[in-house]
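Colleague: Give me coordinates for this.
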Amino acid sequence: MSRFARTTIQQRLAKLESTATATATGDLRQCILQARSTDIVPTHSYDELLALAEGNALTARIARGLLRIGLYSSDSPRAAAPEIDPEHLLPMLAGHLHDKPLDFVLFAFDWNVDRALRLVNLPDEYRVQYDSEYGPDLWACDLLDDIGQEVRARGFDGTKAVEAIRAAVSSGHGIGKSAITSWITLWIMATRPNARGVVTANTSPQLESKTWAELGKWLKRSVFADWFDITTGKGSMRLTAKGFAESWRCDAQTCREENSESFAGLHAADSTPFYIFDEASAIPARIWEVAEGGMTDGSPMWFAFGNPTRTGTRFHACFHGQRHRWMTRRVDSSTCQITNKTQIEQWAHDYGRDSDFFKVRVLGEFPSQSSLQFIGRELVQDAATRDLPSARGEAVVIGCDIARFGDDSTVLYFRQGRDARTYPPIKLKGADTMQVASRIAEQANFFRSAGHYVLVAIDGGGVGGGVIDRLRAIGHEVDEVQFGSRALDPRKYAQRRSELWGLLRDWLKVGAIPNDQELVDDLTGPEYGFTSTEQIQLERKADMKARGLSSPDVADALAITFAVSPPLPGEDMLPSAAHSERDRLAVLSYDPFSRLGV
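Modeller: Just a heads-up that it's a prediction; the model follows:
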């Protein structure tokens, strides 16, 4: 017996004929709304739907959807069962599913037939209720079920405004956030005539290529696809009901603060105004503030999804100071079916299960630090107070970060093995190319005259190229470092600068630096994020300045010292072209810390 038969659904459904008549004589909106208050009786038995479920026609897809959610009669099959009429049946089902988002998702998409959707086995807890092998993961089923309960508890009558439904989900990576934003958007749009929505994400590329593209994919696979038009062009991304483009729509908006007014005035007094925030941690507070104004009428809804990358944000407040207003859920990506378990284990090995990285990217927990710092203050303080290690016989590496702007400094940093404290950095403000080249040559000659093997690595971006050319012209061997070039390990890092800072962070576990506040601030200032392919992306200098921080020139110069491969003490220390950056790019197995015990 079906789930609906067990719960006596037939007693709560209206006569099919009454709603079918309304469908034929009224517009789509009226048919959906009438179906909410007018019970219908399932017109087909299980065996009749099974017979109609063969093939890829819309009627077959609808029949399979009815089987998945158990919406059929317990009558014996008839000799000649009526055909399914989508024009009559779909509006009735949309009205019926307005407070059942999980039923909607399982009905609307062809989970067991469409190969692209056969990725997640419907959890056992829900297999007893739904006749489907595939479907949403457990956390998504639970969330959709909870939303349905909240809708039923409010009992919106189409006139009197009700309390907003607010749901926030913090999660690890790869759980399918973009998919559930699509399901919720389509559920609201298909079951609520005159709904008005806005979908946004942390960046324009995320919004265009992931969030909105995912919506287009799921709309195409939905049995309600013919009801809507979707546009995907940059600056013109909208989902509209055919024939009601102005009053029944959802728009994709970028979350730039200067665009905040696009989030204002989202009113739908007789329906549902809604907001969906994807990657919500990075959405500015101003956007959240303006969105509050759309929660005042109708049956409003607000959904926020994201990796919990930062504390002190409005997304963080959903789980803390404002948690009394939000349904909250934390999703550990290691428990989800579609996540890459091998990658998760690599992260656990590389960063530790107690690290902020693992908390944010896997456990769905907010970081312990005030922000997602790339290098923690405790690690830096340990390096600043550590006893000075012996560097006897080690090569001296001179790293040089060339100033690009008037308020930045050119910095020369000197590192000898684990010792980055003995020789203080030199800062040159306002120096031109010739002056910088002369100072570097002077320092290199000084160390060589003291019997040290010397390597020089210089940031070759911008005016750095002129410094390198001058040094080479006067006989100095120089390793050119391009911060924006490809990393040696492109699977882990977005570009060379992020990788060099990663090497610096590892070195700080054993190295010694001066207890200098400027250096400490430089090292702990940058935050980090991830590219669309999960490469670590260090915060840009320009973005740090936008947050009111100084450019980390000193730390950049120290990071540059890890771009070269000093010979071990006792090895041949004659200068060799084999130290060039170009040749080393091919040596992916090089471990600069093998002798340091890191």
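Colleague: Relative to the whole chain's centre, how far out is the helix or strand containing residue 29?
Modeller: Using DSSP states H and E, residue 29 sits in helix 28-37. Centre-to-centre, helix 28-37 and its host chain are 37 Å apart (C-alpha atoms, centre = their mean, to the nearest Å).
Colleague: could you point out which element follows that helix?
Modeller: The helix or strand immediately downstream of helix 28-37 is helix 46-52, counting by DSSP H and E.
Colleague: which residues sit against the helix or strand that that following helix is followed by?
Modeller: Sequence-wise, the next helix or strand downstream of helix 46-52 (DSSP H and E) is helix 58-69. Helix 58-69 is touched from outside by 3-4, 42, 44, 46, 49-50, 52-54, 72, 83-84, 86, 89-90, 103, 106-108, 110-113, 130-132, 223, 226, with contacts defined as C-beta atoms under 8 Å, 6 or more residues apart in numbering. The C-beta positions use only the backbone N, C-alpha and C, and glycine is treated the same way.
Colleague: Also stretch 360-374?
Modeller: By C-beta under 8 Å, 6+ apart, the residues outside stretch 360-374 that reach it are 170-173, 307-312, 316, 319, 330-334, 344, 347-348, 356, 359, 376-377, 501, 505, 524-530, 538-539.
Colleague: Now restrict those to buried residues only.
Modeller: Among the contacts of stretch 360-374, those buried by neighbour count (16 or more other C-beta atoms under 10 Å) are 170-173, 307-311, 316, 319, 330-334, 344, 347-348, 356, 359, 376, 501, 505, 524-529, 538-539.
Colleague: which residues touch residue 107?
Modeller: Residues near residue 107 by C-beta under 8 Å, 6+ apart: 65-66, 68-69, 71, 93, 97, 223.
Colleague: what helix or strand is it on?
Modeller: helix 101-108.
Colleague: Are there helices or strands packed against the following helix or strand past that helix, and which ones?
Modeller: Using DSSP H and E, the helix or strand that follows helix 101-108 towards the C-terminus is helix 124-127. Contact partners of helix 124-127 among helices and strands, from 3 or more C-beta pairs under 8 Å, 6 or more residues apart in numbering; DSSP states H and E: helix 138-154.
Colleague: Mind listing what's buried along the helix it packs on?
Modeller: For helix 138-154, the neighbour count (16+ other C-beta under 10 Å) marks 138-148, 150-151 as buried.
Colleague: Please identify the one among those residues that lies nearest to residue 457.
Modeller: residue 139 (47.0 Å; C-beta to C-beta).
Colleague: doesn't residue 544 make contact with residue 551?
Modeller: Yes: when contacts are counted by C-beta atoms under 8 Å, residue 551 is listed as touching residue 544 (6.8 Å).
Colleague: Quick check: mean pLDDT of the helix holding residue 29?
Modeller: What helix 28-37 shows for mean pLDDT is 89.
Colleague: so what secondary structure elements neighbour it?
Modeller: With contacts defined as 3+ C-beta pairs under 8 Å, 6+ apart, the packing partners of helix 28-37 are helix 16-25, helix 86-96.
Colleague: which stretch in these has the least confidence?
Modeller: Going by mean pLDDT, the lowest-scoring of these is helix 16-25, which has a mean of 39.
Colleague: contacting residues for residue 86?
Modeller: By C-beta under 8 Å, 6+ apart, residue 86 lies in contact with 58-59, 62, 223.
Colleague: Which of the contacts of stretch 360-374 fall within strands?
Modeller: Of the positions in the contacts of stretch 360-374, 170-171, 330-331, 528-530, 538 sit in strands, assigned by DSSP state E.
Colleague: Can you lay out the residues you listed as a markdown table showing distance to residue 566?
Modeller: Below are the ones in strands among the contacts of stretch 360-374 laid out as a markdown table (distance: C-beta to C-beta, whole Å):
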| residue | distance to residue 566 |
| --- | --- |
| 170 | 43 |
| 171 | 43 |
| 330 | 45 |
| 331 | 45 |
| 528 | 27 |
| 529 | 31 |
| 530 | 31 |
| 538 | 24 |
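Colleague: you'd agree residue 329 is up against residue 138?
Modeller: No: look at residue 329 against residue 138 with C-beta under 8 Å: they stay out of range, at 11.2 Å.
Colleague: Quickly list the domain ranges of the chain.
Modeller: Domain assignment for the chain by the TED database gives 98-344, 377-561.
Colleague: Between the two ends of the last one, how far is it?
Modeller: Terminal residues of domain 377-561 lie 21 Å apart, using C-alpha to C-alpha, to the nearest Å.
Colleague: Between residue 551 and residue 544, tell me which one has more neighbours.
Modeller: residue 551 (21 against 18; other C-beta atoms under 10 Å).
Colleague: Can you pull the phi/psi pair for the more buried one?
Modeller: For residue 551, the backbone dihedrals are phi -70, psi 130 (criterion: degrees, to the nearest 10).
Colleague: and if you look at residue 199?
Modeller: Dihedral angles (degrees, to the nearest 10) for residue 199: phi -110, psi 130.
Colleague: residues near the closest residue to it other than its chain neighbours, how many?
Modeller: In space, and not counting its chain neighbours, residue 199 is closest to residue 276: 4.6 Å by C-beta to C-beta, 6 or more residues apart in numbering. Using other C-beta under 10 Å, the number of residues around residue 276 comes to 25.
Colleague: Tell me the secondary structure at residue 276.
Modeller: Secondary structure state of residue 276, per DSSP: H, G, I helix; E, B strand; the rest coil, is strand.
Colleague: next one: residue 303
Modeller: Quick answer, by three-state DSSP: residue 303 is strand.
Colleague: now do residue 549
Modeller: Three-state call for residue 549 (three-state DSSP): coil.
Colleague: Please list all residues in contact with it.
Modeller: So residue 549 contacts 521, 525 (C-beta under 8 Å, 6+ apart).
Colleague: And the helices in the stretch 301-450 of the chain?
Modeller: 314-318, 341-351, 356-358, 377-385, 433-449 (DSSP state H, counting those that start in this stretch).
Colleague: Format the CA atom coordinates belonging to the last one as CSV.
Modeller: The reference is to helix 433-449. Provided in CSV are the C-alpha atoms of helix 433-449 (Å, rounded to 0.1, in the frame of the first residue of the first chain):
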residue,chain,number,x,y,z
THR,A,433,65.5,50.4,-10.9
MET,A,434,69.2,51.2,-10.9
GLN,A,435,69.3,51.9,-7.2
VAL,A,436,67.6,48.7,-6.3
ALA,A,437,69.9,46.7,-8.6
SER,A,438,72.9,48.3,-7.1
ARG,A,439,71.8,47.5,-3.5
ILE,A,440,71.1,43.9,-4.3
ALA,A,441,74.5,43.5,-6.0
GLU,A,442,76.2,45.2,-3.0
GLN,A,443,74.5,42.7,-0.6
ALA,A,444,75.3,39.7,-2.8
ASN,A,445,78.9,40.7,-3.0
PHE,A,446,79.1,41.2,0.8
PHE,A,447,77.9,37.6,1.5
ARG,A,448,80.1,36.1,-1.1
SER,A,449,83.1,37.9,0.3
